Structure formats: structure tokens, C-alpha cells
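> Quick one, fold the following:
(2 chains)
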Amino acid sequence: MTTINLAHLTELQAINKKLASGYHISEQDTTLWQQLDQNIDAYQALFSALGHDLHHDARGFYYLASDESTPNMGKISRAIALTVFILIEHFANQGKDPLRAIFDETADLELMQTLVQLNKHLFDQLEIFSGSDLRKDVYLRMVRLGLARETEQGFMHLAPLYRYIDALMEVNEENFDGLEEEL
Amino acid sequence: MIPAKKVLNTLNEHWSVLELLFKRFKMTDFSVKDVQNIIKHKNPQWTSERIFRETNRLLNQEIIIPLAKSSQLEINRAVADFASFLLQEEHLGLAQEITVLVNDLERLGNRLEQAADEGDHSELRRFSRIMDERVRKIIKLFIHNENAIFNIVEQAKSDSSAISLQKRYRAVIEAFDEYIEPMLEMVDIRGEFHACFNIIETQLSQQIDNIELYGRGTQDKRMLEQLRTRILDMHLIGRESLRKSADMLMPLREELRRNSLITRQASKVLGMIRKNGVDRMLSPVQPEFVSDIQRFSLGQQRHMVAYMAGLAEFEHEEYQLPDQNDVPDYQSPHIPDYSEVKKRFSGTEKTKKALLGFLTNEYPKLEADELLFLYQKLVSDDALDLQQDQQRVTVTIAEQDFSLYPFNASTKIEHANDNN
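A predicted model of the protein is given here:
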């Protein structure tokens, strides 16, 4: 049984506020991250008592796992997923190492415009029609969810993006076959 | 023949120049001008005459030599090898090199046995010496290749991400496929390498036993023992070195494999999305988020499920019809709240007084039955100190005449205080 000493959990309020809004706490949020890192057992016990599933990913981030989202959040998540997959393909087409490029390179407006132009019919389905739409609808939301960080030149992707890469790897032939049958 | 010491002196003096030449041109050729430039760069205060002289010195001592039928120059192979050894800038050798040497070792082992059988001690010594040299060479190759692999790994890791993945890791993949894998196969416990060493080892042990037995050629015994030890040691070094090299290369190979897997997967999934539509394709796989809004609404499926489960478990409590006792008596809406009345009563003077008088004064608008109801309530209240009159009195309440033994009362606590 974990004993929870609330006096130690000094950042509880801030952490709860961030996590409950869907934010991913990664190493860039130094204070919160350290706090979670040091008292992970207590926080986990506390959040599971509140009906949440506080998840620690070894690649350096914490989030509240959930098995479904509201239609609106689902739409946002789909847009992010599509953007990430297209980014990977884009970097690979340029002959870069996609995993490295995605975390090293800044996504600026120019890149966003290129992405939207090259994949117009896909982004159209999500009502994203231009680079600035992509910035507004996807990247600013990614910042709010802790998936990216805004810099002077554009946006840097953060470690929680691995959730999407995992999701990408999960799509396999079986899912695909299932879809085919549905069609 | 150039005296070795002279060459060494020149090497020592011009090491910085040679190092730069070696690093800049690797194995390709260069012109006299290049050499002079580098000398000038390293020794800016030298006159052009001195630079010319020093260049000639390098040429004369064959440290740099002209290419055949050309005015271009190259570094003497022997010097280049030495430099590459010193700088650890080694290039990966071939697995076949080692294989050939090991096979040769086997052949020499047979010759050695033959010589021993014939009792030819000078031959025995000669083969033993050659084998010794071969073993040293193999060890050198192992170490050399290990360094080379280290260099390859470092380079692959440090390269800028600008060049393509395939290009960056080509050397790694090549090193793995062309050196590590065949070598691992060879050193494998059931591989030819191992078998060959077993044979050589038994042969040598046999020779040593024979020498001990017959006492002939005792001076060779030590040499053979040393050779045997060296071979065993070589085997060990080889395994160690290969294991280390594989350990260095493995993560990069994995990374490459994972990266190309991700790329492949991304194009596959995007292809599927193009065919099937974004929402249909991504909905089952996208990561989900928690947000405040969804926690407090009935929007999610699991909320609905929980709600429906709650409904399914709902049961009526058996509805009980009220019986006569449960029905509260009719109470006129004009009657004020009893606690209000009591408060008002205790708020008045502390001496005993007629309850009916108090009620008629305080609530002049009430009907007689309503006043009597309140009177009855006050009389049955434990908190009041009551006293009943001895005489029958007729009182008029709300224009009705009543004759009764009226009660006088005061609040109990007050009364207790009076006694004190």
C-alpha cells in the first residue's frame, strides 16, 4: 500500500490541472516532471483513486491514459495523427532519417504549407485548407496537449509524439482486412 | 637503402604535415603544390626555399612517392599503414583475409607434425616460427578490424541528418554483412575455425608429449608451448573482438531497421488512408486524450454504459400505502409555526402567566380552535413549567366562551433560576 503524503506533492494542483486537460508532461516542464518522477507511486495511487490512469512512458513523459475521447477531441487527435504520418513520409521522401528529423527539425509555416499542398485531398477531409489552418488547428493544439513546443522559427515536436508513432506501428494487416470487409 | 633513423627523424619533424596529408587525401593522390601548401600552412615563417628543400627531403626519403607515369604523388604505403595504425584510422579488412590465414595455419600445423615425425628439428623450428607469425598477424587483424568498426560506428552516429539514412548506414550494413556475420559463423563453436584450432592444439600437445617422452629436442618444447598458448589466446581475442564489434554495430542496425520500418509503415498507412478516408482509417488507432469536458459529460460511450448499467439495476421499493396513523392531522394554514410561538413566549416576562391570555394577546387574528390547538401544544410541552389553576374559570377566546381550569406557565430554566 502506497502511503500518500500530500505535503510532498507540492505541484499536485498544477499537475492535475495540466493532466486533466489532456496535457502530456514531458521533460521540458522541468518542475512538474521532476516532481512526478520523484513521487510517481504516490501520484499514480492518487490519480487512480480519482478514476484516472496516470501513465508513465519510459521515453520521458506522463499522461492520463484513456480509451476513448469525445468526438471533438477525437477529431483533433485524427488531425494530429495524419500530420505526424505525413511528416514521416515527407522526411523519408527527402532522404532524411524520419525519426531523427521529426524531433530535430523545426516545423515552420513553409513546411506546413508544403505538407498541406502535397496532401491536399487528405487535409481537405479534416477541413484544413492551408498552412496557417494547419498551424492553427493542429500545431497550436499540439502545444496545448504538450506534444509540441513553440519556438521562434516554428514548432518543435516533443517526446509524447511517440504515442502517434506507436499508433502508426499498430496499424497492421488485420485491422486493414477488417476494414476491407466492412467496405 | 635509406637509413631507418633518418626516415624516423623526418617523420618526427614533419608529422603534423603528414598527418594532414593523410587525413585530407586519405588514399588518393596529390600534387607537389599541395605538399608545399601544407608545409607552408604548418610553418608559416619558413621561406619558400626552405619549403622546397623540405619537400624534396620527403620525396628523397620515399616518404611520399610519385605515382607511376604521373606527376602526382602519394604517401608511401608503408608509411600510410603506420600512420593509419597510429591514428587509429583503420579501414575494415576482409573476413577472407582471416580465413586464409587460419587455413594456412592448418596447413602449417600438418607440416609441423610431419617434420616432427621425421625428427627434423630445424624444419620443426622453422614451421613453428612461421605459425607464430601467422597467429600474430591474425590477432593484429582482429584488433585492426575492431578499431575500424568503431570508426564506422562513430561516423554513422555523428553524421548530420541531412544525408539519407541508407547512405549514412551503408558502411554499417556492409560491415555487418561482410565481416561480422561470416566471422561469427567461423568462430562459432561448431564452425571450421574451432575445428581447425582443435586439430592444431592436439597436434601441438602431441609434439610436446613426445618431446617429454623421448627427451629429444627439449629446447623446442618451450617454443611449442608458447605457440599453443598463443593460438588459444588468439581464439579468445578473436571471439572477444567480434563480440564487441557486433555489440557496437547491432544498435545501429536495429535503428536502421526500425527507421525503415516506420517509413514503410507510414507510406502504407497513408496509402490506406487515401483509399479509405481519414476518419474511417484513423478512428480505431488514434491515441485518446482525457479532458475536463469529457469527464463531466455523458458524451463518452463508457459513460453511457455506466449510466445504462445504473438504470438496469434500478428497482422499485415496494410502495406502502399510508394507513390512518400516518396521515398528519389537518392543520389550518393560519396557525403560525409552533417553534415561533414558543420563542415568542419565552421572550416575554419571566413570571408565570396565563397561557390563554398570552395567546389571545399575541395572535388576535386566530380563530378559537386554532388558539386552542396552540394552547394544547404549549401545555404538553416539557420545556415549560406549568401550573394549573384550582378554580374553574370562564374565558372568552375569539368571541367564544370556554370554562376550564387554565394553565399558567413560564420557561423551565427561568423558573430554576428564580429558585436559586
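> check contacts around B:His91.
B:84, B:148 (C-beta atoms under 8 Å, 6 or more residues apart in numbering or on different chains). Just so you know, the C-beta spots here come from the backbone N, C-alpha and C atoms, and that holds for glycine as well.
> State the helix or strand in which it lies.
Secondary structure from DSSP states H and E places B:His91 outside every helix and strand.
> Pull out the buried positions in stretch B:253-260.
B:253, B:255-256, B:259-260 (16 or more other C-beta atoms under 10 Å in any protein chain shown).
> what about chain A, any weak spots by pLDDT?
Where chain A drops to pLDDT under 70, the residues are A:1-2, A:67-71, A:172-183.
> Try it again at 50.
A:178, A:180-183 (pLDDT under 50).
> Please, where are all the helices along it?
Ranges of helices in chain A, per DSSP state H, are A:12-20, A:30-38, A:40-49, A:71-93, A:98-104, A:109-118, A:120-125, A:131-134, A:140-144, A:162-170, A:173-182.
> Residues touching the third one, excluding its own?
By C-beta under 8 Å, 6+ apart, the residues outside helix A:40-49 that reach it are A:2-5, A:8-9, A:12, A:15, A:19, A:36, A:53-54, A:56, A:64.
> same question for stretch B:43-51, mean pLDDT?
The average pLDDT for stretch B:43-51 rounds to 87.
> Buried residues of it, list them for me.
For stretch B:43-51, by 16+ other C-beta under 10 Å, it's B:Ile51.
> and the end-to-end length of it?
9 Å (C-alpha to C-alpha, to the nearest Å).
> How about the contacts made by B:Lys6?
B:Lys6 makes contacts with B:Gln61, as judged by C-beta under 8 Å, 6+ apart.
> what secondary structure does it sit in?
Following DSSP: H, G, I helix; E, B strand; the rest coil, we place B:Lys6 in the helix state.
> Got the domain ranges for the chain?
Assuming you mean chain A. Domain ranges of chain A: A:12-65, A:71-172, per automatic domain parsing.
> actually chain B
Annotated domains of chain B cover B:4-87, B:95-274, B:334-419 [automatic domain parsing].
> Of the ones you listed, which stretch is the most buried?
domain B:95-274 (a mean of 16; mean count of other C-beta atoms under 10 Å in any protein chain shown).
> could you give me the average pLDDT of that domain?
80.
> just stretch B:380-388 next, same as before
For stretch B:380-388, the mean pLDDT works out to 78.
> Then stretch B:398-413?
Mean per-residue pLDDT for stretch B:398-413: 75.
> returning to what we had before: B:Val285 is nearest to which of the domains of chain A?
Ranking the domains of chain A by proximity to B:Val285 (C-beta to C-beta) places domain A:71-172 first, at 4.8 Å.
> For the buried residues of stretch B:253-260, give me JSON lines that also has distance to chain A and secondary structure.
Putting the buried residues of stretch B:253-260 into JSON lines (distance: C-beta to the nearest C-beta, whole Å; DSSP: H, G, I helix; E, B strand; the rest coil) gives the following:
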{"residue": "B:Arg253", "distance to chain A": "14", "secondary structure": "helix"}
{"residue": "B:Glu255", "distance to chain A": "8", "secondary structure": "helix"}
{"residue": "B:Leu256", "distance to chain A": "9", "secondary structure": "helix"}
{"residue": "B:Asn259", "distance to chain A": "6", "secondary structure": "helix"}
{"residue": "B:Ser260", "distance to chain A": "9", "secondary structure": "helix"}
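> so does the helix or strand harbouring B:Arg280 get close to chain A?
Assigned by DSSP H and E, B:Arg280 falls within helix B:278-282. Yes - with C-beta under 8 Å from any C-beta of the partner chain as the measure, helix B:278-282 is seen reaching chain A through B:278-282.
> what pLDDT does the closest residue to B:Glu62 other than its chain neighbours get?
Here the nearest residue to B:Glu62 in space, its sequence neighbours aside, is B:Asn76; by C-beta to C-beta, 6 or more residues apart in numbering or on different chains that works out to 5.6 Å. We have a pLDDT of 85 for B:Asn76.
> Looks like B:Asn76 contacts B:Gln61 (just checking).
No - B:Asn76 is beyond contact range of B:Gln61, at 9.0 Å (criterion: C-beta atoms under 8 Å).
> quick revisit: of the domains of chain B, which is nearest B:Ala309?
Taking C-beta to C-beta, domain B:95-274 is the member of those nearest to B:Ala309, at 35.8 Å.
> would you turn the residues of helix B:278-282 next to chain A into a markdown table with neighbour count?
Compiled in a markdown table, the residues of helix B:278-282 next to chain A are given as follows (neighbours: other C-beta atoms under 10 Å in any protein chain shown):
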| residue | neighbour count |
| --- | --- |
| B:Val278 | 20 |
| B:Asp279 | 14 |
| B:Arg280 | 15 |
| B:Met281 | 24 |
| B:Leu282 | 25 |
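> a markdown table for the residues you listed, including pLDDT?
What follows is the residues of helix B:278-282 next to chain A, written out as a markdown table (pLDDT from 0 to 100):
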| residue | pLDDT |
| --- | --- |
| B:Val278 | 77 |
| B:Asp279 | 77 |
| B:Arg280 | 76 |
| B:Met281 | 74 |
| B:Leu282 | 76 |
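> Which one of these is nearest to A:Ile128?
Comparing these against A:Ile128 with C-beta to C-beta places B:Val278 closest, at 10.4 Å.
> which non-adjacent residue is nearest the closest one?
Per C-beta to C-beta, 6+ apart, closest to B:Val278 is A:Gln125, 4.4 Å.
> can you tell me which residues contact that neighbour?
B:277-279.
> any idea how far it is from A:Leu147?
Taking C-beta to C-beta, to the nearest Å as the measure, A:Gln125 falls 21 Å from A:Leu147.
> circling back: now, of the helices of chain A, which is deepest in the fold?
Across the helices of chain A, the average number of neighbours (mean count of other C-beta under 10 Å) peaks for helix A:71-93, which reaches a mean of 21.
> and that helix, what does it pack onto?
In terms of contact count using 3 or more C-beta pairs under 8 Å, 6 or more residues apart in numbering or on different chains; DSSP states H and E, helix A:71-93 is assigned the packing partners helix A:98-104, helix A:109-118, helix A:120-125, helix A:140-144, helix A:162-170, helix B:218-276, helix B:278-282.
> Throw the ones you listed into JSON lines and include distance to B:Ala409, thanks.
What follows is those, written out as JSON lines (distance: least, C-beta to C-beta, whole Å):
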{"stretch": "helix A:98-104", "distance to B:Ala409": "88"}
{"stretch": "helix A:109-118", "distance to B:Ala409": "88"}
{"stretch": "helix A:120-125", "distance to B:Ala409": "86"}
{"stretch": "helix A:140-144", "distance to B:Ala409": "72"}
{"stretch": "helix A:162-170", "distance to B:Ala409": "79"}
{"stretch": "helix B:218-276", "distance to B:Ala409": "89"}
{"stretch": "helix B:278-282", "distance to B:Ala409": "81"}
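> and B:Ser122, which of the helices of chain A is closest to it?
Here helix A:98-104 is closest among the helices of chain A (C-beta to C-beta), at 63.0 Å.
> Give me the helices and strands touching the closest one, please.
When contacts are defined as 3+ C-beta pairs under 8 Å, 6+ apart, helix A:98-104 packs onto helix A:71-93, strand A:155-157, helix B:218-276.
> Now with 6 Å, please.
Using 3 or more C-beta pairs under 6 Å, 6 or more residues apart in numbering or on different chains; DSSP states H and E, the elements in contact with helix A:98-104 are helix A:71-93, helix B:218-276.
> Nearest to B:Gln324, out of these?
In terms of C-beta to C-beta, the element of those nearest to B:Gln324 is helix A:71-93, at 57.2 Å.
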